[in-house]
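Student: Dropping a prediction and its sequence here:
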There are 2 protein chains.
Amino acid sequence: MGATFVYDFAQGNKDLSHLLGGKGANLAEMTNLGLPVPPGFTITTEACRAYLADGDLPPGLPGEIDAHLAALESTMERRLGDPADPLLVSVRSGAPFSMPGMMETVLNVGLTDASVAGLAAQAGGDADAHRFAWDSYRRLIQMFGRTVCDVPADAFDEPAHDLDADGLRALVAAYQRIFEEHTGRGFPQDPREQLDLAVRAVFRSWNAERAVLYRRQERIADDLGTAVNIVAMVFGNLGEDSGTGVAFTRDPATGRAGAYGDYLPDAQGEDVVAGIRNTLTLDDLRERDPDSYARLTGIMSILEGHYRDLCDIEFTIERGRLWMLQTRVGKRTAAAAFVIAAQLVDEGVIDLDEALARVSGAQLGRLMFPTFDLAGAPPPMATGTAAAPGAAVGEAVFDPHRAAAAAARARDVILVRRETTPDDLPGMIAARGILTSRGGKTSHAAVVARGMGRTCVCGAEALRVAADHLTVGDQVINEGDVIAIDGSTGAVYAGAVPVRESDVARALVDGGESADPVVVAVRRLLAHADARRRLGVRANADTGPDADRARQLGAEGIGLCRTEHMFLGERRTLVERLVLAVDDDVRASVLAELLPLQRDDFAGILRAMDGLPVTIRLLDPPLHEFLPSLEDLAVRVAVAAERGGRDGHDAELLAAVRRMHEQNPMLGLRGVRLGLVVPGLFAMQVRAVAEAAASLAAAGGHPRPEIMVPLVGAVQELEAVRAEVTDVLRLVAKETGVEVDAAIGTMIEVPRAALTAGDIAGAAEFFSFGTNDLTQMGWGFSRDDVEASFFTKYLDLGIFGVSPFESIDRDGVGRLIRIAVDEGRAARPDLHIGVCGEHGGDPDSIHFFHEVGVDYVSCSPFRVPVARLEAGRAAVAGVGTSDTR
Amino acid sequence: MGATFVYDFAQGNKDLSHLLGGKGANLAEMTNLGLPVPPGFTITTEACRAYLADGDLPPGLPGEIDAHLAALESTMERRLGDPADPLLVSVRSGAPFSMPGMMETVLNVGLTDASVAGLAAQAGGDADAHRFAWDSYRRLIQMFGRTVCDVPADAFDEPAHDLDADGLRALVAAYQRIFEEHTGRGFPQDPREQLDLAVRAVFRSWNAERAVLYRRQERIADDLGTAVNIVAMVFGNLGEDSGTGVAFTRDPATGRAGAYGDYLPDAQGEDVVAGIRNTLTLDDLRERDPDSYARLTGIMSILEGHYRDLCDIEFTIERGRLWMLQTRVGKRTAAAAFVIAAQLVDEGVIDLDEALARVSGAQLGRLMFPTFDLAGAPPPMATGTAAAPGAAVGEAVFDPHRAAAAAARARDVILVRRETTPDDLPGMIAARGILTSRGGKTSHAAVVARGMGRTCVCGAEALRVAADHLTVGDQVINEGDVIAIDGSTGAVYAGAVPVRESDVARALVDGGESADPVVVAVRRLLAHADARRRLGVRANADTGPDADRARQLGAEGIGLCRTEHMFLGERRTLVERLVLAVDDDVRASVLAELLPLQRDDFAGILRAMDGLPVTIRLLDPPLHEFLPSLEDLAVRVAVAAERGGRDGHDAELLAAVRRMHEQNPMLGLRGVRLGLVVPGLFAMQVRAVAEAAASLAAAGGHPRPEIMVPLVGAVQELEAVRAEVTDVLRLVAKETGVEVDAAIGTMIEVPRAALTAGDIAGAAEFFSFGTNDLTQMGWGFSRDDVEASFFTKYLDLGIFGVSPFESIDRDGVGRLIRIAVDEGRAARPDLHIGVCGEHGGDPDSIHFFHEVGVDYVSCSPFRVPVARLEAGRAAVAGVGTSDTR
């Protein structure tokens, strides 16, 4: 005997959704609760997997179907397709995870030329009954043709409305001809053959293109398969005392308590979905059919009590008799998720831990950003990748410097670029939003925008971006024209769209009182997350104002203060002079000019985070990032030469840039290497930190700077820098008379650092995982390069479920992290360990970091509440069991 | 009680060199053998380490010196510096590893204004004795001043020759004035103070600049410290019946059996070193002093029997009495090492295993390359890094295409470039040698040259390399002028230098009979290595002729056949067309043109290696490596535009190059990614392999191709390619009717591949470690970029002992290799595992690969004998115990 492939509804329960699909498991659950479910049975996902693997039904399945069908016929006291008194069934897909509308369903299976009259007799035998029977047959041929036999949907285009029974009978004849034309055979008159073909079609629909795409988007595994439910038909289209509807036990949009739903009299489920007629409310149902209404609300109350959560249901009333066709824990908006979770706590249904498990960081993230009020807005002119959420409106500006200048004149600006580079930073900082025509979710534009909390739409490929305008089709947007971009949907609009600010974000930043139930619920669950979480949450911030905002949003320090942004803008010329410096004296004088500027940078951040740790990363990127591009310079010099002229500065700069050019700058002279090779550079930075901290401490503050050395691969590198840092700290303490305690630690971002973490911990008081670089080097691909060239293909091929730059790759990069945590702690038990890569704000990754024992995560300020929530969820979920989608 | 800091010679033995230094340990050994060693004692390296750490003698040391000095005085029946009958001592450095001439020695300690007369009386009291006594005092002041008190050496510049006792007495007075001028104090008249100061000076000399440099070069640890030997003085300068000499028990240059040495009558050791007078041979000594000669040769025979190896010694004869001042196992040339090891086997002193342990791959490597006969050659005009050994003479050519053209006209060419890129390959292949002015041992030029067995000197910074000439100082070398480069020393000569071919290399390639004792010994030890080694040895070769040579040199297959070189030269335009291809049809037609070319490539190699495995790596580098540089193209297009013209092809190419441009090509679209993204590319290569193999097999051959997929990071990538490869193999088998079995495996070169090796082994029949990429990604630095910018600094700082591109980094990259071997084998016990990176030919790394259980190494053809030898040495040495320098 092989596996059991078929379960009667009475045999299953809600915990068998992996086997029976969500629909089948919940139909079984309702059956066992004694609720009015039409009788039926479920063919398992296992049968589907076997069918998809072998191309045929697994041996044993047909026999099991026969047996269950016989039992169903016996229960219903009718035989499938019996000409005199036919049993009709629906054949419904039902996957383990909800894939609404993605797969197939066939209703009215069992109708034939012979049984249509029997159905009419069942329905009463009057004109309406005949009309109903022929319409049901018409529906079967149409659905069966399209779903089972791939007849194009638009082949059945003749209107069925307002036809009487004769008209429908003629239409059935026409549909049968259409069916035969497309399939080369007549419409099957054997009810059992109809059933078998429909089952196979539902199995196959698992691999339909739209289903595959949906699963990829929703990160649902491709190898689950769908179950098939065979259910006795009940009819909502038998007159005004019949109908069909969907309902929710609470409002899924706002979370408001109380039943909520739509009802359509004299209709079948597909009519509700098609939206042909306007639906009634449940209140209307109460007036029309108080008995059914009472039964329905009673059942909803039973279901909510049983499932302990918002349920949605589908029901049909057949001549005054209520049937439950489906239930499940219902989807809801982000706002409703928070409100309902808090309500259920108040109602004593769940505790706060469970409430926390029922909301997600992704939902909170959606609540934090402004949205467009799209009522009356025109359709978008283009759509790109929703790269950094928010709703931004402003003048299109096509150059970063002009963008910065316009922002300085208090204009709202959207920076529009083909793609962005570090040179665009001034413009990105100044802009409300960033729009690019190239690159995806992990492109430079997207990553930087998320880091800075700017709205970003990227890779809007329909746009042709030029130097001072863009075109899309024959529409032209010139510099200064107003556009609007929606970072949550990827939509790009010509002209202004009204923006609704996020009440949640305002409330979290302000900290003021609010009666908004969403704000109240968010605050309550965040407070519980804070009480439960083991992970600390810090922010990545490079400026005083960013640090301020991060603190308001709950950051417990700065986990990453990058110092490279401090070398841009007007200070770029100082970097040029540093690079061109011919000897130590020139270099020292440039560093002396940079010192007070850096000191002010650090003072602002330390002041904003007074009393909390501020991890300052010494300069990381290669110096040539601060210089003009080799290609541009070479062209400039060549063209100048062609004109007989010569720009001495350009030529000198070109020589320097060429000298410093690297084939693979990501793998070149940067981070600690730069610090060891450029005399005085790190010492200047550390002195700036120490002097800023000393003067704050002298003024009564409690600065807690931490010095972080980037790109360390060997403990010897760290020891060399550590010696220099310690000397400078001691010197400044002596000069200022103020002892400032600054921990010295390192990024763990080079694979070798993770692999030798036990040694490195000997010289480091803390580790901070640079998960971006660790991912780049662990996989051997650079974020800047690979996304455009092969990530899409890789997602298509299933090599990734999700980009490893978005969610941590647990098996590979994650293994390096585990090694470093375990061996670092073994060597130095009080080692403090954080994460400051992009992954620090990603829900899935936060659960992983909790699991491996990291002390804190650090993320961009606007992600701080999300990280707090997810860290709390990780703590209550136990290890690795939470669904964080 | 602390440690014992002083050992009498009778207390030590030869195995205590870490504590007593090499000299002290061997003096102790000879003392215990009953050989005539002047009495004395040794202050340990531990005392030195304590002194260097604290800046003062460790407590207890002065007391121990007192006690041992008193014992010495008692043995000698004289007191140190006693005016009437002084004991004099030498104070000699002696480190655990030989550092010849690097540290300090002071002789005649104990002489003062008062004791000089006592010494004269000891020596006989005649005029010669007075002359001797004053000359000894003169020597002490000079040595002590220079060594202990940092008086510049040239301060004591007055000639001491031919002076009588009075003249020497006046010279002593003059030297004492010089001493006082430079030190501000009189010459110490307390013998005990002289001794203490001399001991401190020897300790300090451990950190003298030259000693530090020497240690770095020889990879000797900086924290060992030196011992100090205090030895009763014996005098070789007491007349014609006295003298001093050095001797070897066998000829250290050729290995010829029989004692060999130099003798200088009436002289002290420093005179031999100074080379002021011509030395006599040992045969001369036999005639002058047959008794001493007999004693000396008797002692040498005892020593060789005792040490079971070539020994060198220093001896002094004082008035007919022989004293042994030093012995040790002697250094020897590479040729002598092989000859002596074989001789000792024949003499029954050692067995073949021990003989194998006594030679090294580095020595064999030196024997494999031609050398210059420098007699009468001018001094080099510049010196660079000795990057790939050999001696090459030819016309300087400054462009790769002109170099290829000249070579085609049968000219010997040296390709001279500032640095090389893949574009230089045709020239590098055509040239005898490669000379660059930039880059080090791991630069492109160096790596490629070693791989191809071309001589290379790189980073000769004194050269100014222009487009058609080079200048060094005011010397100019024009294109076509003959130059000579020595890849073993880094020397660059203007003009021709006679070349001596390597007899060993010729014999190994030819395989013919040879009576040359070096060839005989090398063959014998290689045969023993082959018998003992567990590691297989394959070669990296991309062409039939290279594969032929590799096979002659003992390669058991090809471990890496790179296919990228097959896309250069005239085929480059095909790659351009491939990149520019607008649709699948164009791409397919280009691939169809490439197919027969690739098939011929593979046929040649498979034929050369018939019956042996040939691992063919599918295309690895990014396609834009085959395109012109972005900078050049951009300049060309801009200049053309400036002139009002426009080259359509250039503009199109520029657009393509810009589209494909990557910030970090090493981390970009290459390897398996390319194969998955460019339809048909890998399939074409696999088809070419399969067709070539099928036609060889049909002709009676036994081709054994293996298909290797580069840059895999996830098993899913390999599975996708594997499916495609299997399809092509099956198709070709069907078309040709010949079944060719081709294993499918992967490079392990991405850290993630090593970390998920258990999964990857599920889809791989073999692994081959690409240790270059694994090192690049494990450390996060690219070979092309970092060497120039910071490797020198890192070696200076001691962050590396040696570049990790040269010898495998055991702790970091090596750990990844261990993980992959262990977990790959656990998942698939019959997994075959090799190494095909540069490290496959590196002696240290080969020992590591043996240790971790790799099956074979693969290296460039000329390294094959070296790898065979080292694999044998690893097998006899046991795990990790062998000194492979």
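Tutor: Thanks, I have the structure now. Numbers count the residues shown, from 1 in each chain, chains lettered A, B, ... in the order given.
Student: For the stretch 701-850 of chain A, which segments count as helices?
Tutor: Applying DSSP state H, counting those that start in this stretch to the stretch 701-850 of chain A gives helices spanning A:715-736, A:751-755, A:757-760, A:771-779, A:783-786, A:792-797, A:813-827, A:843-852.
Student: who wins for proximity to B:Gly261 among the ones you listed?
Tutor: helix A:715-736 (44.2 Å; CB to CB). For every residue, glycine as well, the C-beta is placed using N, CA and C.
Student: any low-confidence regions in the stretch 201-350 of chain A?
Tutor: Scanning the stretch 201-350 of chain A for pLDDT under 70 picks out the ranges A:217, A:272-276.
Student: So what's the residue count around the nearest residue to A:Val740 once chain neighbours are set aside?
Tutor: Of all residues not flanking A:Val740 in the chain, A:Ala693 sits nearest, at 4.3 Å (CB to CB, 6 or more residues apart in numbering or on different chains). Using other CB atoms under 10 Å in any protein chain shown, A:Ala693 is surrounded by 28 other residues.
Student: Next, the buried residues of the host helix or strand of A:Ala693.
Tutor: Counting by DSSP states H and E, the element that carries A:Ala693 is helix A:681-698. Neighbour counts over helix A:681-698 (16 or more other CB atoms under 10 Å in any protein chain shown) mark A:681-697 as buried.
Student: Please apply the same query to stretch A:143-150.
Tutor: In stretch A:143-150, counting by 16+ other CB under 10 Å, buried: A:Met143, A:Phe144, A:Gly145, A:Arg146, A:Thr147, A:Val148, A:Cys149.
Student: same question, stretch A:397-415
Tutor: Buried residues in stretch A:397-415, defined by neighbour count with 16+ other CB under 10 Å: A:397-400, A:402-407, A:413-415.
Student: cool, stretch A:736-755 as well?
Tutor: In stretch A:736-755, counting by 16+ other CB under 10 Å, buried: A:736, A:738, A:740, A:742, A:744-755.
Student: Could you check how far the closest residue to A:Ile707 other than its chain neighbours is from A:Ala754?
Tutor: Spatially, and ignoring its direct neighbours in sequence, A:Ile707 is nearest to A:Ile744 (4.9 Å; CB to CB, 6+ apart). Distance, A:Ile744 to A:Ala754, by CB to CB, to the nearest Å: 19 Å.
Student: next one: A:Ala253
Tutor: Distance, A:Ala253 to A:Ala754, by CB to CB: 46 Å.
Student: next one: A:Pro36
Tutor: Plainly put, A:Pro36 is 59 Å away from A:Ala754 if you go by CB to CB.
Student: Kindly report the same for A:Gln776.
Tutor: Taking CB to CB, one finds A:Gln776 at 13 Å from A:Ala754.
Student: cool, and A:Gly770?
Tutor: Here A:Gly770 is placed at a distance of 11 Å from A:Ala754 (CB to CB).
Student: joint contacts of those two?
Tutor: Common contacts of A:Gly770 and A:Ala754, defined by CB atoms under 8 Å, 6 or more residues apart in numbering or on different chains, comprise A:Ile748.
Student: how many other residues sit next to A:Glu876?
Tutor: To be clear, residue A:876 is Val; Glu isn't right here. 18.
Student: is it true that it touches A:Arg532?
Tutor: Yes - counting by CB atoms under 8 Å, A:Arg532 is a contact partner of A:Val876 at 5.5 Å.
Student: Mind listing the shared neighbours of these two?
Tutor: Looking at what touches both A:Val876 and A:Arg532 (by CB under 8 Å, 6+ apart), the common residues are A:Asp353, A:Leu356.
Student: so what's the closest residue to A:Ala608 other than its chain neighbours up against?
Tutor: Closest residue to A:Ala608 apart from its sequence neighbours, by CB to CB, 6+ apart: A:Ala547 at 3.6 Å. Listed by CB under 8 Å, 6+ apart, the contact set of A:Ala547 reads A:Ala539, A:Ala541, A:Ile558, A:Gly604, A:Ile605, A:Ala608, A:Met609, A:Val614.
Student: one more time with 6 Å
Tutor: Contact analysis of A:Ala547 by CB atoms under 6 Å, 6 or more residues apart in numbering or on different chains lists A:Ala541, A:Ile605, A:Ala608, A:Met609.
Student: hang on, the residue nearest to A:Ile707 packs against A:Val709?
Tutor: No - contact criterion CB atoms under 6 Å: A:Ile744 and A:Val709 do not qualify, at 7.4 Å.
Student: how close does the residue of the stretch 351-500 of chain A found nearest chain B get to B:Gly700?
Tutor: The minimum distance from the stretch 351-500 of chain A to chain B, using CB to the nearest CB, falls at A:Thr421 (9.3 Å). A:Thr421 sits 60 Å away from B:Gly700, going by CB to CB.
Student: Compare the two (neighbour count), which wins?
Tutor: Between A:Thr421 and B:Gly700, counting by other CB under 10 Å, A:Thr421 is the more crowded of the two (14 against 7).
Student: and the more buried one, what is it in contact with?
Tutor: Counted by CB under 6 Å, 6+ apart, A:Thr421 has zero contacts.
Student: And the helices of the stretch 701-850 of chain A, which one averages the lowest pLDDT?
Tutor: When these are compared on mean pLDDT, helix A:783-786 scores lowest, with a mean of 71.
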